[in-house]
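Peer 1: have a look at this prediction, sequence included:
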Amino acid sequence: MTKTLIDIDEQLLADAAVAFGTKTKKDTVNAALLEGVTRKRRAVALARLAAKADAGQFDVLLDKENYRR
């Protein structure tokens, strides 16, 4: 783990600690980073899934005979 000196909005950090249920600044920052990365990954996955749907890749599922095999 790397130590880094940064300026952080104290009120925002306190709000994040309440939202994440964390007790230390380190835990709060790590929880916020993890949440941000996880949300971005989900958004990218959803966009890829939506693109496949728009391309008609799931149309075979509309026919009950096809998806019950």
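Peer 2: All right, it came through fine. Numbering: from 1, shown residues only.

Peer 1: can we go C-alpha only for contacts and neighbour counts from here?
Peer 2: OK.

Peer 1: so is T4 in a helix, a strand, or just coil?
Peer 2: With DSSP: H, G, I helix; E, B strand; the rest coil as the basis, T4 sits in coil.

Peer 1: count the neighbours of it for me.
Peer 2: 6 (other CA atoms under 10 Å).

Peer 1: tell me the pLDDT at it?
Peer 2: According to the prediction, T4 has pLDDT 92.

Peer 1: contacts only, for it.
Peer 2: Contacts for T4 (CA atoms under 8 Å, 6 or more residues apart in numbering) come out as none.

Peer 1: please report how far it lies from G21.
Peer 2: Distance check for T4 against G21: by CA to CA, to the nearest Å, it reads 23 Å.

Peer 1: one more: L33?
Peer 2: Taken as CA to CA, the span from L33 to G21 is 14 Å.

Peer 1: what does M1 give?
Peer 2: 22 Å.

Peer 1: what's in contact with the strand or helix carrying A17?
Peer 2: In this assignment (DSSP states H and E), A17 forms part of helix 10-20. With CA under 8 Å, 6+ apart as the test, helix 10-20 has contacts from K23, T24, K25, T28, V29, A31, A32.
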